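> what would the 3D arrangement of this be:
(one chain, ligands or ions: 2)
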Amino acid sequence: MNPSVPSLAGTTLGDYELSHPLGAGAHGYIYEARHRPSGVRVALKTLHARVEDAAGDRALARFFQEARAVQRIRHRNVVRLYEAGEYRLTGESRLAYFAMEVVDGVTLARLAETDGALDHAAACRMAAQAALGLHAAHTAQVIHRDVKPSNIMLDVHGRVVLTDFGLCRLALSPRLTDARMMVGTIRYASAEMLAGVEPDGRMDLFGLGAVLFNLCTGMHLREQHSLPAVVEAVRNDLDRRRVLECAALPPPLRELLARCVARDAADRPATGLELAGALDDVADVLGRRRAGAGALPSILRAGHGLSARSSSRSGRRGTP
Ligand SMILES: Nc1ncnc2c1ncn2[C@@H]1O[C@H](COP(=O)(O)OP(=O)(O)O)[C@@H](O)[C@H]1O
Ligand SMILES: [Mg+2]
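Ligands and ions are numbered 1, 2, ... in the order given. Got it, this is the predicted structure:
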């Protein structure tokens, strides 16, 4: 977490009363907050932006444009965005924020850390839900652009929720965000992202394939994730080869994953909907071989997967 970002816990921003952080990201905290007029509980993401020039103004305008697009997506596997707005702080800085649905659960990054490799059928079912969420986004002309385990959550009911649609990146200056984005994202970056080509939804399907590989094997698709190593891997289509040579994966899953992480977007499933169907088919085949597939991972079953927020919010309600 960036120590230069001041904590807003316990303060009030407009209509929102902020309590404790739900999580921390590269650009600030996500707070649990209460929308005072309605009593609704929200996750409030804040973003400091110094807006001193036309470039900053344009960046903020893009942020709100993207927010409006995300607001149009209504799907159970996409985090609901209630409102986006901004506060003027002192001087030239502004605080952009957006209020979204609180997801009571864990990120897939946390899940992979605590549970290691997951049951393959269960992991495919989760990825199928994420693929449906991506399909809804793509249909609304929104490309996520940053599909990775820390941006996908699993709630206590087994619902998979896509979060962190490229909003923060858009709101910051391109120079800053490019550098930051690459740090956490390059393991999951498709060839077209690295080439700077205008992407379509198949970029997100690549990311989801890399996530699923991680969930099923406990390993990263790209162990080497320096920029030169990744560029080299992409040039030689090594991601695909790594999947095809992975003995830990059963053949039908291996073949589907190899398609997802293909260098050329034309070789990947065409849509999230197609991918979701294929993942469910693979899960059906694998599930027949092993009883109990599809159960919640242990981190959620045991109820110890939730961070401190779970105990401190008891008694409050209000998710619409
Ligand atoms: N809607 C939400 N409900 C609950 N927790 C969330 C929500 N959105 C994000 N978080 C938590 O906050 C962390 C950072 O959020 P994220 O939006 O990914 O920020 P960043 O842009 O910095 O990556 C997530 O990894 C997750 O733990
Ligand atoms: Mg994130």
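> pLDDT score for the one residue in the stretch 201-320 of the chain that gets nearest to ligand 2?
Residue nearest to ligand 2 within the stretch 201-320 of the chain: residue 207 (12.3 Å; Cβ to the ion). The C-beta positions use only the backbone N, C-alpha and C, and glycine is treated the same way. On pLDDT, residue 207 comes in at 96.
> that one contacts residue 148, correct?
Yes. Contact criterion Cβ atoms under 8 Å: residue 207 and residue 148 qualify, at 6.2 Å.
> the two: who's more crowded?
residue 207 (28 against 22; other Cβ atoms under 10 Å).
> would you mind extracting the C-alpha trace of the helix or strand hosting that one into CSV?
Per DSSP states H and E, residue 207 falls inside helix 202-217. Extracted C-alpha coordinates of helix 202-217, given in CSV (Å, rounded to 0.1, in the frame of the first residue of the first chain):
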residue,chain,number,x,y,z
ARG,A,202,-10.4,-12.0,-26.4
MET,A,203,-7.7,-10.1,-24.5
ASP,A,204,-9.7,-10.8,-21.3
LEU,A,205,-10.1,-14.5,-22.3
PHE,A,206,-6.3,-14.8,-22.4
GLY,A,207,-6.1,-13.4,-18.8
LEU,A,208,-8.8,-15.8,-17.6
GLY,A,209,-7.0,-18.7,-19.1
ALA,A,210,-3.8,-17.7,-17.2
VAL,A,211,-5.9,-17.3,-14.0
LEU,A,212,-7.4,-20.8,-14.5
PHE,A,213,-3.9,-22.3,-15.1
ASN,A,214,-2.9,-20.8,-11.8
LEU,A,215,-5.9,-22.1,-9.9
CYS,A,216,-5.6,-25.6,-11.3
THR,A,217,-1.8,-26.1,-10.9
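> check which residues of it are buried.
Within helix 202-217, the residues that qualify as buried by neighbour count (16 or more other Cβ atoms under 10 Å) are 202-217.
> of those residues, closest to residue 240?
residue 209 (9.6 Å; Cβ to Cβ).
> so what's the closest one closest to, chain neighbours aside?
residue 260 (2.6 Å; Cβ to Cβ, 6 or more residues apart in numbering).
> wouldn't the one you found be in contact with residue 270 here?
No. Using Cβ under 8 Å, residue 260 is not in contact with residue 270; the gap is 11.6 Å.
> hang on, residue 110 in a strand?
No. Residue 110 sits outside any strand when classified using DSSP: H, G, I helix; E, B strand; the rest coil, being helix.
> where's it relative to ligand 2, distance?
Distance, residue 110 to ligand 2, by Cβ to the ion, to the nearest Å: 12 Å.
> give me the neighbour count for that residue.
Neighbour number of residue 110 under other Cβ under 10 Å is 19.
> what of residue 90?
Around residue 90 sit 5 other residues, with neighbours defined as other Cβ under 10 Å.
> low-scoring stretches of the protein, by residue?
Across the chain, the ranges flagged by pLDDT under 70 are 1-6, 25-28, 48-56, 59, 91-92, 166-184, 289-296, 298-299, 301-320.
> for the stretch 101-250 of the chain, which residues are neighbours of ligand 2?
Residues of the stretch 101-250 of the chain found near ligand 2 (Cβ under 5 Å from the ion) are 151, 164.
> residues in the stretch 101-250 of the chain within reach of ligand 1, list them.
By the criterion of Cβ under 6 Å from any ligand atom, the positions of the stretch 101-250 of the chain lying close to ligand 1 are 101, 102, 103, 107, 150, 151, 163, 164, 168.
> dump those residues to TSV, plus secondary structure and neighbour count.
Output for those, formatted as TSV (DSSP: H, G, I helix; E, B strand; the rest coil; neighbours: other Cβ atoms under 10 Å):
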residue	secondary structure	neighbour count
101	coil	19
102	coil	22
103	coil	23
107	strand	20
150	helix	18
151	helix	26
163	coil	23
164	coil	23
168	helix	24
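> what secondary structure does residue 187 sit in?
helix.
> pretty sure it sits against residue 224.
No. The pair residue 187 / residue 224 is not scored as a contact, 9.4 Å apart, by Cβ under 8 Å.
> appreciated, that's everything.
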